[in-house]
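J.: Need a 3D model of the following:
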Amino acid sequence: MTSTAPPVDSRVIGLAHYAARAVLERVLSRHDATFPQQITLRSVIVADRPLAREALVALVVASLKADRAEVHATVDQLLAKGLVSADGGTVRATDAGRALYETVSAESGAVSARIYAGIPAGDRAVAGRVLALITERADAELAAM
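T.: Sure, this is the predicted structure:
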C-alpha cells in the first residue's frame, strides 16, 4: 500500500476497477467466458427465477452501461454455450450455467479475499458509501445527457 493515499477521483476508481476486472477476466478466461457473459449469467442466477429476456437485457445494460444489441448478443452467446435456456420470452440458468457461476465465484472469491485482507471493515463501509454515491450521481448525469 502506498504511504500517501490519493484522494478518490475517477482515475483512482478506474485503476481499482480495471485491476480487479483484470483478475476476474483471468479467472474467466480459464473457463472460456467473458466479463459481459459473467455479469449477464450472474443477473440470471441472482434473480432466482426466470427473467423476461428484455428485463435481463435492461438489468445488464444498466450494470455495464452497454449497448442493448451487445447485451442481446451476450445472451445469445450464453444460450449457444448452454449456460442459459430460453422458454418463450424468459431466460433461466441451466445446471451448466450454475456450475460455471459457482466455480468462477469460488475462484475469484479466493483472490478477492487476499485483495481485501487487512482492510478494516469501517474503511470498506466508507468506501462503499462513497462509491454508491458516485455511481448514483454518474447515473443521473448519464440520464441527463
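J.: Return the residues in contact with Val8.
T.: Listed by CB atoms under 8 Å, 6 or more residues apart in numbering, the contact set of Val8 reads 130, 134. Where you see a C-beta, it was placed from the backbone N, CA and C, and this is true even at glycine.
J.: For it, give me phi and psi.
T.: Here is the backbone geometry of Val8 (degrees, to the nearest 10): phi -70, psi 130.
J.: distance of it from Glu141?
T.: Between Val8 and Glu141 the computed distance is 17 Å (CB to CB, to the nearest Å).
J.: again, but for Arg92
T.: 35 Å.
J.: Could you check which of these two is surrounded by more residues?
T.: Arg92 (16 against 9; other CB atoms under 10 Å).
J.: List the buried residues for the strand or helix carrying that one?
T.: In the assignment (DSSP states H and E), Arg92 maps to strand 90-93. In terms of neighbour count (16 or more other CB atoms under 10 Å), strand 90-93 has its buried residues at 91-93.
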